[in-house]
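Undergrad: Based on what follows, work out the 3D shape:
(2 chains)
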Amino acid sequence: MDISAMRANFAKAAATGDEAPLYFYSHLFLSHPETREMFPVSMAHQRDRLFSALGDVVARVDDLDSLVPILQQLGRDHRKFGTLAAHYPAVGASLLATLEHFDDQWTPELAKDWTEAYTLVAEVMIAAADEAAEQPAWWDADVVGHETRAIDVAVLQVRPRARYDYLAGQSLSLETNVRPRLWRYYSPANAPRPDGLMEIHVKARDGGPVSSALVRRVRKGDVLRLGPPVGHITLHDESDRDLLLIAGGMGLAPLKALVDQVARNGPPRRVDLFVGARNEDHHYDRADLRRLEQENPWLSVTLAVSEDKISSLEQGDVGEVVMRHGPWLSREVYIAGPGAMVDDTVARLQEHGVPPQRVHSEIFAPSRPGPSLYGEVTE
Amino acid sequence: MTSVQSESGNDERGLNPADVQNVRFTRASMLRPGYVDTEVDHVMSRVAEELARHIAEKSKLRNEVRALRAQIEGTPVHEAPSEQAVRILSSAQQTADAYVAEAEEFSRQMTTEARTVYEEEVRQARENAGAIIQAAQEAAAKMSGGAVAGADTGARSMQELEEQVAYLKAFGQACRVQLRSYLEALLSDVEKEWGQADPALLPQQPPHAPVQRSSRDAPDDSAASFYGNTAIEASPDRDADEGSPSRVGSRSAP
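TA: A predicted model of the protein is given here:
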């Protein structure tokens, strides 16, 4: 396998920008029309993702140790899209046709190498998908409650029809039949419960097709599809340190789940939860947080506002407010929220002297299609 | 209930999603307008969606049947698409993408604008409410400040009032003690004088008639201003000390 020749060939296709993926998908849909319905109406984001994923694979093709886990994850992830083993050769044929189309110096050797490489990739992905086969490809979940908490925020109560195992703080992808084939990531705001009920917090992003639909169109009685859980904000079993939880905006959900986990499973510890929002109206879960605080003597909740001068809540960015309390040197710290808020808070904690290995953070960014290969999770 | 499309909609053409979307229900009456509009609208739009889904499924199944038939007849189902076909589909897809992007952008602008207006109005309303509450508090402080001199807040004026009441009680008590000793001295004086003038009258006459009179007349002006206060509290024990009929008689006597 001449890897450098393959990389040079891929670079030619990638250099065309949108043209190569456009060609690829048109070729695929024409030769296998049944694959079209596995994709959303608009393919614009899909095209970006295909070539960035392929680029990742090509870049690591000589480093199987890091490539294989990525492919396995991709294979498992694709089950929820309805991908079957039979689809892989179809994709391979169209990929080959695309690479040939954009290379003037296409050779039979290149064709042979790419076929071999693709077969390998497909085998790993299919094997990983098969291994996960005892798990459902997706879970149907009934919306049993839908409460609009602010002009653009809703809290959904969702109950999967089959057993759904996850850890408090993890995220899951979901799809609504109102916006077919568009999957978005959300964090349940509670630890797993015996009745399986999950609380999902959704903020309608301006122009966001899925989030707007979840807030304004989905109602009690609708059915959502859930993908398997992902993400790395989880409590580590080996630590029973007191917790400092810092949430910005919709980053509250995974941290509320951690509070719930401590309440349900312990170990007993002090938990300080700080929640930042622009103004009082954005504290959509205030009543429930107060309830938790009253029920659990080990929990203290501090709400902060950054752009609300007449509010009686604590004033300032949430990171700044956290620093007014403290000291936090002995705590295990979890941070979730928008990028700027997370960066600011992490920097303040480092300055404060909290060891970096005890600071766990997750960025919640609006409306991106999914976690990157590096595990970054979006809302 | 009537339907805009009801005449043309249910014949051989079949019901299509747009027919469902366009159904309008007439109001039953002014007082009982029937179902909640939004719920009916919601159900109707869901029905339309469901119908659209069924239609799509039907066409998908028709394609599948066609493909399977072709397979049975031995014609190759998958042949490499022509360059021209790929180009046409590509540009069609791009057009679709552009429309979706435009719709999303439009929706983004609309909601952003609506949110900005909403947040500004809420902010102003809250500021106005804050100003009104502050003005009301100031007015309340002013009113309670008029009742008790120097008090700015309700709590403070209340405390001051209590202090003043306590002071007045103590003052009244002191006045009463002084007044009583003064009166007793006066009384013995009068008895002496009167007894000297007409000693025979002394045992029959209750000793208090001059007391009442002198207690009204004797104190100077500043003492008189407290007289009203202390008299109220003082009168019950005086009534207990002395027989009231005699007092009434003695008061009217002079």
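
Undergrad: where does the stretch 51-200 of chain B have low pLDDT?
TA: B:74-78, B:145-156, B:187, B:189-200 (pLDDT under 70).

Undergrad: Chain A now?
TA: A:232, A:237-238, A:366-379.

Undergrad: What residues does it have near chain B?
TA: When proximity is defined as C-beta under 8 Å from any C-beta of the partner chain, chain A approaches chain B at A:22-23, A:25-27, A:29-34, A:37, A:41-44, A:97, A:151-152, A:178, A:204, A:206-209, A:212, A:219, A:279, A:281, A:310. (C-beta placed from N, C-alpha, C; glycine too.)

Undergrad: In stretch A:1-20, which residues are buried?
TA: For stretch A:1-20, the neighbour count (16 or more other C-beta atoms under 10 Å in any protein chain shown) marks A:6, A:9-10, A:13-14, A:20 as buried.

Undergrad: beta partners of A:Glu199?
TA: A:Gln157 (DSSP bridges).

Undergrad: show me the contacts for it.
TA: For A:Glu199, the contact set (C-beta atoms under 8 Å, 6 or more residues apart in numbering or on different chains) comprises A:155-158, A:188-190, A:253, A:256.

Undergrad: switch to 7 Å and redo it
TA: Contact analysis of A:Glu199 by C-beta atoms under 7 Å, 6 or more residues apart in numbering or on different chains lists A:155, A:157, A:188-190.

Undergrad: Which one of those sits in the busiest neighbourhood?
TA: Among the contacts of A:Glu199, the one with the most neighbours (other C-beta atoms under 10 Å in any protein chain shown) is A:Pro188, at 28 neighbours.

Undergrad: which residues does the residue nearest to that one when sequence neighbours are not counted contact?
TA: Once flanking residues are discounted, A:Pro188 sits nearest to A:Met198: 4.1 Å by C-beta to C-beta, 6 or more residues apart in numbering or on different chains. By C-beta under 7 Å, 6+ apart, A:Met198 lies in contact with A:158, A:188, A:190.

Undergrad: and A:Met198, how far is that from A:Ala253?
TA: Using C-beta to C-beta, to the nearest Å, we find A:Met198 at a distance of 10 Å from A:Ala253.

Undergrad: Equivalent analysis for A:Glu307, please.
TA: 22 Å.

Undergrad: Can you pick out the residue with more neighbours from those two?
TA: For A:Glu307 versus A:Ala253, the count of surrounding residues by other C-beta under 10 Å is larger for A:Ala253: 25 against 13.

Undergrad: Can you classify the more buried one by secondary structure?
TA: A:Ala253 carries the three-state label helix when classified by DSSP: H, G, I helix; E, B strand; the rest coil.

Undergrad: Pull out the buried residues from the host helix or strand of A:Leu303.
TA: Using DSSP states H and E, the element containing A:Leu303 is strand A:299-305. Of all the residues in strand A:299-305, those buried under the rule 16+ other C-beta under 10 Å are A:299, A:301-305.

Undergrad: after that strand comes which helix or strand?
TA: Later in the chain than strand A:299-305, the nearest helix or strand by DSSP H and E is strand A:314-315.

Undergrad: Output the contacting helices and strands for the strand holding A:Leu303.
TA: For strand A:299-305, the packing partners by 3 or more C-beta pairs under 7 Å, 6 or more residues apart in numbering or on different chains; DSSP states H and E come out as strand A:271-277, helix A:286-295, strand A:314-315, helix A:318-324.

Undergrad: picking that back up, the buried residues of stretch A:1-20 into TSV, with extra columns for distance to B:Ser45?
TA: Output for those, formatted as TSV (distance: C-beta to C-beta, whole Å):
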residue	distance to B:Ser45
A:Met6	50
A:Asn9	49
A:Phe10	46
A:Ala13	43
A:Ala14	42
A:Ala20	39
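
Undergrad: if we can go back for a sec, now, of the residues of chain A next to chain B, which are buried?
TA: For the residues of chain A next to chain B, a burial check counting by 16+ other C-beta under 10 Å picks out A:22-23, A:25-27, A:29-32, A:42-44, A:97, A:152, A:178, A:204, A:206-209, A:212, A:279, A:281.

Undergrad: Settle this for me: A:Pro40 is touching A:Glu175, isn't it.
TA: No - between A:Pro40 and A:Glu175 there is no contact under C-beta atoms under 7 Å: 9.9 Å.

Undergrad: which neighbours do those two share?
TA: What both A:Pro40 and A:Glu175 touch, as defined by C-beta under 7 Å, 6+ apart, is the set A:Leu182.

Undergrad: what does the stretch 101-250 of chain B put close to chain A?
TA: B:101, B:104-105, B:107-108, B:111-112, B:115, B:118, B:122, B:126-127, B:130 (C-beta under 7 Å from any C-beta of the partner chain).

Undergrad: how about 6 Å then?
TA: B:104, B:107-108, B:111-112, B:130 (C-beta under 6 Å from any C-beta of the partner chain).

Undergrad: Filter those residues down to the ones in helices?
TA: Among those, the residues falling in helices (DSSP state H) are B:104, B:107-108, B:111-112, B:130.

Undergrad: Nearest to chain A: which residue in the stretch 1-150 of chain B?
TA: Relative to chain A, the nearest point of the stretch 1-150 of chain B is B:Arg108 (2.6 Å; C-beta to the nearest C-beta).

Undergrad: What is the burial count for that residue?
TA: B:Arg108: 15 neighbours (other C-beta under 10 Å).

Undergrad: Skipping adjacent residues, who's closest to it in space?
TA: Computed as C-beta to C-beta, 6+ apart, the closest residue to B:Arg108 that is not its neighbour in sequence is A:Gly207, at 2.6 Å.

Undergrad: SS state for the one you found?
TA: A:Gly207 ends up coil, using three-state DSSP.

Undergrad: mind listing what it touches?
TA: Residues in contact with A:Gly207 (C-beta atoms under 6 Å, 6 or more residues apart in numbering or on different chains) are B:104, B:107-108.

Undergrad: Equivalent analysis for A:Tyr186, please.
TA: Contacts for A:Tyr186 (C-beta under 6 Å, 6+ apart) come out as A:Ile200.

Undergrad: any idea how far it is from B:Gly130?
TA: Taken as C-beta to C-beta, the span from A:Tyr186 to B:Gly130 is 36 Å.

Undergrad: just A:Ser330 next, same as before
TA: Using C-beta to C-beta, A:Ser330 is found at 40 Å from B:Gly130.

Undergrad: same thing with A:Gln350?
TA: 38 Å.

Undergrad: Equivalent analysis for A:Pro254, please.
TA: For A:Pro254, the distance to B:Gly130 equals 34 Å [C-beta to C-beta].

Undergrad: These two: which has the busier surroundings?
TA: Comparing A:Pro254 with B:Gly130 by neighbour count (other C-beta under 10 Å), the higher total belongs to A:Pro254, at 27 against 12.

Undergrad: mind listing what the more buried one touches?
TA: A:169, A:187, A:233, A:336.

Undergrad: Quick one: list the elements packing against the longest strand seen in chain A.
TA: What stands out as the longest strand in chain A, according to DSSP state E, is strand A:139-150. In this structure, strand A:139-150 packs against strand A:153-160, strand A:223-230, with contacts taken as 3 or more C-beta pairs under 6 Å, 6 or more residues apart in numbering or on different chains; DSSP states H and E.

Undergrad: about what we covered before: partners of the strand holding A:Leu303, with directions?
TA: strand A:271-277 (parallel), strand A:314-315 (parallel).

Undergrad: Buried residues of stretch A:120-140, list them for me.
TA: So for stretch A:120-140, counting by 16+ other C-beta under 10 Å, buried means A:120-122, A:124-126, A:128-129, A:132, A:136-139.

Undergrad: which stretches of chain A form helices?
TA: A:3-15, A:19-31, A:44-59, A:64-77, A:87-101, A:108-131, A:209-216, A:252-265, A:286-295, A:318-324, A:339-352.

Undergrad: Right, I'll leave it there.
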